[in-house]
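# what's the 3D shape of this:
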Amino acid sequence: MTRTLDLTDPATGEVFGTTPVASASEVDTALESAAQAFAIWRRSTPAQRQLALLKIADALEARAAEFADLEVRETGKIRSVVLEEEIPECVSALRFFAGAARHLEGTAAGEYAPGHTSVIRREPVGVCAQIAPWNYPLMMAVWKIAPALAAGNTVVLKPAETTPSTAVLLARVAAEFLPAGAFTVLTGDRDTGRALVRHPVTDLVSITGSTRAGIDVATVAAADLKRTHLELGGNAPLLVFPDADVASTTEGIVGAAFYNAGQDCTAGSRVLVHASIHDDFVAALAKTAAAQTPGVDYGPLNSAAQLSRVEGLIARLPSHARIETGGTRFGSRGFAFAPTVVSGVRQDDEIVQEEIFGPVITVQSFSDEAAGVAMANGVPYGLASSVWTRDLAVAARVSAELDFGCVWVNTHGPLVAEMPHGGFGHSGHGKDLSAYAFAEYTRVKHVMTRFA
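Below you'll find the predicted structure:
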C-alpha cells in the first residue's frame, strides 16, 4: 500500500488532501527512464530544446489561473501576487533559458600546439536529481528544470512535502513537448530525496533549501563524487546610512522583509542602522510594519512547524531585546504571524545569527562604515544584502566589502533572469538564473586533433 502525507492549507490549518510517497522502485524507474531519455535529449539540437521550452512557457502562461489556484491552496499566498508577479517570472525564466540553449560560449577553436587543432565541447552533465523548496514551489521548480533541460540534461524533480501540486502540473504540461522520461516529478519526503541523491544513475544534484538540508545532500553526494548545486539559506543585512530617505527606505525594507511572509532566502530581515538616526528610524520602521495585515499584504507561514519555529525565536529573545510591534501569532486559524520588529538585539543573539524565515525584522545600530560592514558580514550566510544611501562612494565601497552573492543599492529583492542568484558560505554554491546557471548544467571537454 502506498504511503501518503497530508496536505494542509496554511491559511486555515485544515487538511485538504494527501500526496503519495514514492517507493524505492518508483525512484529506480524514474531515474532509469531519465537515463534512457538522456540518450535522446542530449542529441537534440539547441533549436529543438529552445522550441520545447518556449512551448512549455506558453502553456504555463495560458494555464496561469490553474497553477495559481494550486499554489495558493498549498502556500496560502496572496493570489494576485502569484498571478501578477510569480508566474510571469516563471514564464520569463523559461523563455530566457530557451534562448540560452542557442547561445553556447567557449574558447575559440585553434592551433594552440603546432600541428594540433583544439576544440572545446560543452556537453550536458546527464541525469539531474533536483529538490525544490516549499516557499516558492513553482518558481523554484522552473529555475531548476529550465537550465538543466536547455543544456540537454534530463531531470527527476522532488518538490517539498507540503507543496507538490504545481510541480506535478508542470510535469504534465511539459510532457507534451519533451521525450518520455526527460522530466519526471516524484513526490515524497526527505528519504525520497536521499534516495535520489544516493542513486548511481544520478549525475548531478541540485537543491534549494535550508543549510542543514544542503549539508545532508552534499554529504550523501560526496560518497559518489556527484556534482552538487546548492542554493541554501540566507540572512540578509540591510545597511542604512544617515543620508538615506527614511520614508522610502522603511517602505522598501518592509516590502523586502514581509514579502511571502518573510519566507524567502533573500528576505530583508536584518536591518543595520547608523547610530545617528537609529531611534527615529526604528520608530518609523515599526509604524510602517504595523500597517501590514496578514492575509491582505502577505500570507501565512507554510506549516505548523514553521510557525512554531518563529514563535520559538521570539520566545527566546534575550532581555535586552525589545519588541516594537507584533511578536505574536495572528488570528485563531491557520499559521499567520503578525508583522514584527525587534530592536536592541546584539550580534551574537540567536535571532541575528539564525535565518528567521518569517515576517520579523531585527534592528541593530552601527557606529561607522567599517563597523556596519563587519556586523553585516558577521553571520555564516552569504546570499544577499543591500545598502541604503544617496552617497555613491559609500555604496561602491560597501558593496565591494559585503561578502554576499548579491548586493542591492537602495532596493532589496528584485531578480531578473539575465542576472545570477546564488551565495557564499552557508548559503551554498552555484548560481540560479542567468548564463551562469546554464553553465552549471554543462561539462567541458577538450578535443585535440593532430592532422598529418
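# all helices of the stretch 51-200 of the chain, in order?
Here the stretch 51-200 of the chain has its helices, by DSSP state H, counting those that start in this stretch, at 64-75, 79-81, 87-100, 137-150, 165-174, 190-198.
# among the ones you listed, which is the most enclosed?
The highest mean neighbour count among the helices of the stretch 51-200 of the chain, using mean count of other C-beta atoms under 10 Å, belongs to helix 137-150: a mean of 28. Just so you know, the C-beta spots here come from the backbone N, C-alpha and C atoms, and that holds for glycine as well.
# got the angle between that helix and helix 87-100?
Computed by axes from the mean of the first three to the mean of the last three C-alpha atoms, to 10 degrees, the angle separating helix 137-150 from helix 87-100 equals 10 degrees.
# orientation of helix 137-150 relative to helix 165-174 in degrees?
Here helix 137-150 runs at an angle of 40 degrees relative to helix 165-174 (the same axes, to 10 degrees).
# what packs against helix 137-150?
helix 46-62, helix 64-75, helix 87-100, strand 127-131, strand 154-158, helix 165-174, strand 204-208, helix 434-440 (3 or more C-beta pairs under 8 Å, 6 or more residues apart in numbering; DSSP states H and E).
# now do the buried residues in the longest one.
Judged by neighbour count (16 or more other C-beta atoms under 10 Å), helix 46-62 contains these buried residues: 46, 49-50, 52-57, 59-61.
# just to revisit the earlier point, turn the helices of the stretch 51-200 of the chain into TSV, including mean pLDDT and distance to Ala393.
Compiled in TSV, the helices of the stretch 51-200 of the chain are given as follows (pLDDT from 0 to 100; distance: least, C-beta to C-beta, whole Å):
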stretch	mean pLDDT	distance to Ala393
helix 64-75	98	42
helix 79-81	97	36
helix 87-100	98	33
helix 137-150	98	35
helix 165-174	98	45
helix 190-198	96	46
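# which one, of those, ends up nearest to Thr249?
Closest approach to Thr249 among the helices of the stretch 51-200 of the chain is made by helix 79-81 (22.3 Å; C-beta to C-beta).
# circling back: format the helices and strands packed on helix 137-150 as CSV; extra columns: distance to Pro359.
As requested, the helices and strands packed on helix 137-150 are exported to CSV (distance: least, C-beta to C-beta, whole Å):
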stretch, distance to Pro359
helix 46-62, 29
helix 64-75, 14
helix 87-100, 21
strand 127-131, 25
strand 154-158, 28
helix 165-174, 23
strand 204-208, 21
helix 434-440, 29
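# can you report how many residues neighbour Ala175?
Residue crowding around Ala175 was assessed by other C-beta atoms under 10 Å; the count is 15.
# with adjacent residues omitted, what lies nearest to it?
Spatial nearest neighbour of Ala175, excluding adjacent residues (C-beta to C-beta, 6 or more residues apart in numbering): Phe183 at 7.3 Å.
# quick one, what contacts that neighbour?
Neighbouring residues of Phe183 by C-beta atoms under 8 Å, 6 or more residues apart in numbering: 145, 149, 154-155, 157, 171, 174-175.
# between these, which sits nearest Ala37?
Within the set of those, Thr154 lies nearest Ala37; the separation is 4.8 Å, counting by C-beta to C-beta.
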